[in-house]
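Novice: I need the structure of the sequence given here:
(chains A and B)
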Amino acid sequence: EAGVAQSPRYKIIEKRQSVAFWCNPISGHATLYWYQQILGQGPKLLIQFQNNGVVDDSQLPKDRFSAERLKGVDSTLKIQPAKLEDSAVYLCASSYALGYTDTQYFGPGTRLTVL
Amino acid sequence: AQKVTQAQTEISVVEKEDVTLDCVYETRDTTYYLFWYKQPPSGELVFLIRRNSFDEQNEISGRYSWNFQKSTSSFNFTITASQVVDSAVYFCALSEGAQKLVFGQGTRLTINP
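Specialist: Residues are numbered from 1 along each chain as shown, chains lettered A, B, ... in the order given. Coordinates of the predicted model:
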């Protein structure tokens, strides 16, 4: 069974530029999550989707971050404009069922460097 | 509020030694789930175990074992006869009901040959 796919794996941009990350969850998984992991810290949830609806985006900086999950499968996370403090690894995860109690499976992440 | 504390920032041992990673959690709920994930240098978080609050039985999987003690709010992870391939950052995480998964700061484990 294929795991969670993410692209690109690495991205370097200058501050004030925009960037987008893509995620394809495990087939059949209804729930998709985006996390931000700053160096030396544990992942922090940015947004959770159930199918194509948003369940929790309370920690998403909505002035610059946006995410969508069209057709309830793939998802895109966008940052516009990027700031230096956005440098981090962006992890996508998916789980079969609704709810944080279900096991989440993670992709390899996208490492973003903002100069 | 949920909180997970992994007090050991870094641990370094010699191969074949046993090592225990500590995890202490805080929650007000009686129903919750605890997880351990491994993050190797490649960056992907690899799921290791999930335990619900009603199951205090210890678990063993090969060289890995987990000790869950509600009385001390701890969920510790032991690697027996460590190997170089065990080198990674290990995260403990907690979720309660419909609340988000909260991760600890992680413990960087280095196994030296």
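Novice: residue ranges with poor pLDDT in chain B?
Specialist: Where chain B drops to pLDDT under 70, the residues are B:97-99.
Novice: Flag every residue of it that's near chain A.
Specialist: Residues of chain B lying close to chain A by C-beta under 8 Å from any C-beta of the partner chain are B:4, B:33, B:35, B:37, B:42-47, B:50, B:52, B:91, B:93, B:95, B:97-101, B:103-106. Glycine gets a C-beta too; all of them are placed from N, C-alpha and C.
Novice: What's the ChimeraX syntax to select whichever of those are buried?
Specialist: Here is the ChimeraX command that picks out the buried ones among those, judged by 16 or more other C-beta atoms under 10 Å in any protein chain shown:
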select /B:4,33,35,37,43,44,45,50,91,93,95,99,100,101,103,104,105,106
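Novice: Strands - which of the residues of chain B next to chain A land there?
Specialist: B:4, B:33, B:35, B:37, B:46-47, B:50, B:52, B:91, B:93, B:95, B:103 (DSSP state E).
Novice: which one among the residues you listed gets closest to chain A?
Specialist: Each of these was checked against chain A using C-beta to the nearest C-beta; the closest is B:Phe103, at 3.0 Å.
Novice: what sits against the closest residue to the closest one other than its chain neighbours?
Specialist: Counting by C-beta to C-beta, 6 or more residues apart in numbering or on different chains, the nearest residue to B:Phe103 once its immediate chain neighbours are dropped is A:Gly42, at 3.0 Å. Contacts for A:Gly42 (C-beta atoms under 8 Å, 6 or more residues apart in numbering or on different chains) come out as B:4, B:91, B:93, B:103-106.
Novice: SS state for A:Gly42?
Specialist: The three-state label given to A:Gly42 by DSSP: H, G, I helix; E, B strand; the rest coil is coil.
Novice: Could you give the bridge partners of the residue nearest in space to the middle of chain A?
Specialist: When chain A is reduced to its mean C-alpha position, the nearest residue by C-alpha atoms, centre = their mean turns out to be A:Trp34, at 2.8 Å. Each beta-bridge partner of A:Trp34 is listed here: A:Ile47, A:Cys92, as defined by DSSP bridges.
Novice: Also B:Val4?
Specialist: Bridge pairing for B:Val4 - DSSP bridges - gives B:Tyr25.
Novice: hang on, it packs against B:Leu101?
Specialist: No: counting by C-beta atoms under 8 Å, B:Val4 does not reach B:Leu101; the two are 9.7 Å apart.
Novice: overlap in contacts of these two?
Specialist: Once C-beta under 8 Å, 6+ apart is applied, the residues that B:Val4 and B:Leu101 both contact turn out to be B:93-94.
Novice: picking that back up, would you point out the most distant pair within the contacts of A:Gly42?
Specialist: Taking every pair in the contacts of A:Gly42 and measuring C-beta to C-beta, the maximum separation is 11.2 Å, between B:Ala93 and B:Gln105.
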